[in-house]
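[1] need coordinates for the following:
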Amino acid sequence: MIRISELKLPLNHPELALREAIVARLGIQDADLADFTVYKRSYDARKKSAIVLIYAIDVSLRDEAAQAAVLARLAKDQYIGPSPDTSYKFVPAAKPAPGTPRPVVVGMGPCGMFVALILAQMGLNPLVLERGKIVRERTVDTFGFWRKRKLNTESNVQFGEGGAGTFSDGKLYSQIKDPKHYGRKVLTEFVKAGAPEEILYVSKPHIGTFRLVKMVEQIRAEIIALGGEIRFETRVDDVFVSEENGVRQVQGVRLSSGEEIPTRHLVMAIGHSARDTFELLYERGVYIEAKPFSIGFRVEHPQSLIDVCRFGPNAGNKLLGAADYKIVHHASNGRSVYSFCMCPGGTVVAASSEEGRVVTNGMSQYSRNERNANSAIVVGITPEDYPGHPLAGIAFQRELESRAFVLGGSNYDAPGQLMGDFVKGRPSKEFGSVVPSFRPAVHLTDLAPSLPDYAILALREAFVAFDKQIKGYYKEDAVLTGVETRTSSPIRIKRNDNDLQSLNTRGLFPAGEGAGYAGGIMSAAVDGIRVAEAVALAMAE
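    You can find the predicted model right below:
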């Protein structure tokens, strides 16, 4: 097949125009074109009145000789060449020796799910241990917290089948380098599990929470059908590590029930909020270091405002959908302020996993048709801001979340403030035209005490500066909701580049977002595939 990249057409082009553009671009007759598929579709909205769709197309010609001739004739065209092979290829790992304990995967978020799926597809019968509940029971607990302020610390936005990504926008795009096309494997498995086929070709695919629930259930069913086992409401309370001649080796785990399970291949795909497990691993001598992350607020604007700002007269076009944005400002105090996890047509959600603490996140359904757009606007911080212990970032997060709990009224309401009042340094008294979506509720106050002074100063400056990037962004009655602290893991469980095992503990495979090697559904799932391959190769040694 032939891949054409950067094929540009007007936003509202007729269906036949795509075929005509392919024929013209390749310099062939229409009769020579056998078939084509859209590999990727994105858009260029820099000129709002003339938005352009940009296609990557895979083309089949009726004659292989003609296809070879076209490729030869256009060999110097950087946007035309043979279609790459994006199919997934399992690593050629041998069967493990008889009596080898099965691999154990801790965590059933996107990373752990794909570790288990790939291992199951390879016939290695993984055991998955998930501290939270199955996704539908977890959904009941999570919505119960939002409606009734009743927090289940083992079943919430952070913990349970599907991981934190289940209660999010379901964004399936990433900026990671992916030379082996693992991302295509992830998307293909999602479509197989019930996702819309459009996720295979739109530039910024997303699914939404309700569809994610069904997909997670389907993937679970496949893992089990292929010989895997999944245990829910099963927390790992200890990890056994032996040491001989200076070499540390995982030997097994102890569960919250007291049961001990032997394994020499343990994947820790625990997510960025498994703070007690981070502490356990550190106590068992696993090498961990502090890493940068970000802190800030969720910001809500009317989605209609963002649509018009981004798309102008084309706002509301079905192909474009609800507009998103990506903005950054380098503040005068040296801090970077940027948007994170932007959720078009979504809601701000309570993401607490510990009692007496308030955390925010963003979520959208597939339709993205809620009245508000929301995004985290966060300030980058480094371990220099919370020096000392490798786990000091956890204590730092907890302090900010506890402040937010108190500012919100000590009842899991979130503290909030209007953007204009925040910038001018005065408490807010009443909402304006923007009605906050956070549940249980938003308590208006002064957000300045919720974050360090350097973050508050940088955010105040950034909100005004963002208006130059998105006209109307500095909206006096836009709502800020605090606090956003779980942008990424505050630690990294370092691993070797070649075999993906812990720097100092053989058989331990740190994986995904909690280990500091991913950020979002796609990158976590892709890391899960890489780790699964590493486990399979290690088991064959």
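[2] how many neighbouring residues does F114 have?
    Taking other C-beta atoms under 10 Å as the criterion, the count of residues near F114 is 29. Backbone N, C-alpha and C define where each C-beta goes, glycine included.
[3] with just CA atoms, put the host helix or strand of it into CSV.
    Counting by DSSP states H and E, the element that carries F114 is helix 110-121. Once side chains and other backbone atoms are set aside, the C-alpha atoms of helix 110-121 remain, and they are given as CSV (Å, rounded to 0.1, in the frame of the first residue of the first chain):
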residue,chain,number,x,y,z
PRO,A,110,-4.5,1.0,31.7
CYS,A,111,-0.9,-0.1,32.3
GLY,A,112,-1.6,-3.2,34.4
MET,A,113,-4.5,-4.1,32.1
PHE,A,114,-2.3,-4.2,29.0
VAL,A,115,0.5,-6.0,30.8
ALA,A,116,-2.0,-8.7,31.7
LEU,A,117,-3.6,-8.8,28.3
ILE,A,118,-0.3,-9.2,26.4
LEU,A,119,0.9,-11.9,28.9
ALA,A,120,-2.4,-13.7,28.6
GLN,A,121,-2.2,-13.5,24.8
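[4] packing partners for that helix?
    In this structure, helix 110-121 packs against strand 104-106, helix 182-192, helix 209-225, helix 521-539, with contacts taken as 3 or more C-beta pairs under 8 Å, 6 or more residues apart in numbering; DSSP states H and E.
[5] need the pLDDT of the closest residue to M539 other than its chain neighbours.
    Setting aside the residues directly before and after it, M539 is nearest to P96 in space (C-beta to C-beta, 6 or more residues apart in numbering), at 4.2 Å. We have a pLDDT of 88 for P96.
[6] okay, helices next: where are they in the stretch 351-500 of the chain?
    Read by DSSP state H, counting those that start in this stretch, the stretch 351-500 of the chain holds these helices, from start to end of the chain: 392-407, 419-424, 453-469.
[7] what about the shortest one, average pLDDT?
    What that stands for is helix 419-424. With pLDDT averaged residue by residue, helix 419-424 scores 98.
[8] nearest to F145, out of the helices and strands packed on helix 110-121?
    Taking C-beta to C-beta as the criterion, F145 comes closest to helix 209-225 out of those, the separation being 14.6 Å.
[9] in its sheet, what does the following helix or strand past the closest one sit against?
    From helix 209-225 onward toward the C-terminus, using DSSP H and E, the following helix or strand is strand 229-231. Sheet pairing here is set by DSSP bridges, and for strand 229-231 it gives strand 127-129 (parallel).
[10] now the element after the strand it pairs with, going C-ward?
    Counting by DSSP H and E, the next helix or strand C-terminal to strand 127-129 is helix 135-148.
[11] pLDDT (mean, whole number) over that following helix?
    Mean pLDDT, computed over helix 135-148, is 95.
[12] only alpha carbons, please: show that helix as CSV.
    As requested, the backbone C-alpha atoms of helix 135-148 are provided in CSV (Å, rounded to 0.1, in the frame of the first residue of the first chain):
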residue,chain,number,x,y,z
VAL,A,135,-15.6,-1.2,37.5
ARG,A,136,-19.4,-1.1,37.9
GLU,A,137,-19.2,-1.4,41.7
ARG,A,138,-16.5,1.1,41.7
THR,A,139,-18.7,3.5,39.7
VAL,A,140,-21.4,3.2,42.3
ASP,A,141,-18.9,4.1,45.1
THR,A,142,-17.5,7.0,43.1
PHE,A,143,-20.8,8.5,42.3
GLY,A,144,-21.9,8.0,45.9
PHE,A,145,-19.0,10.1,47.1
TRP,A,146,-19.9,12.8,44.6
ARG,A,147,-23.5,12.9,45.7
LYS,A,148,-23.3,12.0,49.4
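[13] spell out the residue ranges of the strands in the stretch 151-300 of the chain.
    For the stretch 151-300 of the chain, the strands defined by DSSP state E, counting those that start in this stretch cover 229-231, 236-244, 247-255, 260-262, 266-268, 289-290, 293-302.
[14] any buried residues in stretch 375-390, and which?
    By neighbour count, with 16 or more other C-beta atoms under 10 Å as the criterion, the buried positions of stretch 375-390 are 375-381, 383, 385-386, 390.
[15] surely P313 touches S49?
    Yes. Contact status for P313 versus S49: in contact at 5.9 Å, counting by C-beta atoms under 8 Å.
[16] please tell me how far the residue nearest to G107 when sequence neighbours are not counted sits from V59.
    The shortest distance from G107 to any non-neighbouring residue, by C-beta to C-beta, 6+ apart, is to A269 (3.9 Å). Distance, A269 to V59, using C-beta to C-beta, to the nearest Å: 39 Å.
[17] with neighbour numbers in mind, choose between those two.
    Using other C-beta under 10 Å as the criterion, A269 and V59 rank with A269 on top: 33 against 23.
[18] might you report the residue contacts of that one?
    Taking C-beta atoms under 8 Å, 6 or more residues apart in numbering as the criterion, A269 is in contact with 105-107, 109, 111-112, 115, 511-512, 514-515, 524, 528, 531.
[19] switch those over to CSV; also include distance to R248.
    Output for the contacts of A269, formatted as CSV (distance: C-beta to C-beta, whole Å):
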residue, distance to R248
V105, 20
V106, 18
G107, 22
G109, 26
C111, 23
G112, 23
V115, 22
A511, 18
G512, 22
G514, 20
A515, 17
A524, 26
G528, 24
V531, 19
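[20] buried ones in the helix or strand hosting I4, by neighbour count?
    Here I4 is covered by strand 2-10, with elements defined by DSSP H and E. By neighbour count on 16+ other C-beta under 10 Å, the buried set for strand 2-10 is 2-4, 7, 9.
[21] looking at those residues, which one is closest to G520?
    G520 has its nearest neighbour among those in R3, at 26.3 Å by C-beta to C-beta.
[22] give the closest residue to the closest one in space, chain neighbours not counted.
    Distance criterion C-beta to C-beta, 6+ apart; nearest residue to R3, sequence neighbours excluded, is S83 at 4.2 Å.
[23] so the one you found versus T37, what's the distance?
    Here the criterion is C-beta to C-beta. By it, S83 lies 9 Å from T37.
[24] with G162 instead?
    G162 sits 30 Å away from T37 when distances are taken as C-beta to C-beta.
[25] and if you look at P96?
    Distance, P96 to T37, by C-beta to C-beta: 39 Å.
[26] quick one: contacts for V253?
    Contacts here follow C-beta under 8 Å, 6+ apart; on that basis V253 touches 104, 106, 129, 236, 238-240, 260-261, 263, 266.
[27] hmm, back to that, Serialize the strands of the stretch 151-300 of the chain to JSON lines and add fields for mean pLDDT.
    Rendered in JSON lines, the data for the strands of the stretch 151-300 of the chain read as follows (pLDDT from 0 to 100):
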{"stretch": "strand 229-231", "mean pLDDT": "98"}
{"stretch": "strand 236-244", "mean pLDDT": "97"}
{"stretch": "strand 247-255", "mean pLDDT": "98"}
{"stretch": "strand 260-262", "mean pLDDT": "98"}
{"stretch": "strand 266-268", "mean pLDDT": "98"}
{"stretch": "strand 289-290", "mean pLDDT": "97"}
{"stretch": "strand 293-302", "mean pLDDT": "98"}
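[28] want to throw the ones you listed into CSV with distance to L320?
    As requested, the strands of the stretch 151-300 of the chain are arranged in CSV below (distance: least, C-beta to C-beta, whole Å):
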stretch, distance to L320
strand 229-231, 39
strand 236-244, 45
strand 247-255, 48
strand 260-262, 50
strand 266-268, 39
strand 289-290, 41
strand 293-302, 17
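[29] so for Y201, which of these sits nearest?
    Of those, nearest to Y201 by C-beta to C-beta is strand 293-302, at 28.9 Å.
[30] what residues sit buried inside the worst-scoring helix or strand of the chain on mean pLDDT?
    Taking mean pLDDT, DSSP states H and E as the measure, the helix or strand of the chain with the lowest value is helix 209-225, at a mean of 92. For helix 209-225, a neighbour-count test (16+ other C-beta under 10 Å) marks 209, 211-213, 215-217, 219-220, 222-223 as buried.
[31] and stretch 320-329, by the same measure?
    Residues of stretch 320-329 classed as buried under the neighbour-count rule (16+ other C-beta under 10 Å) are 320-325, 327, 329.
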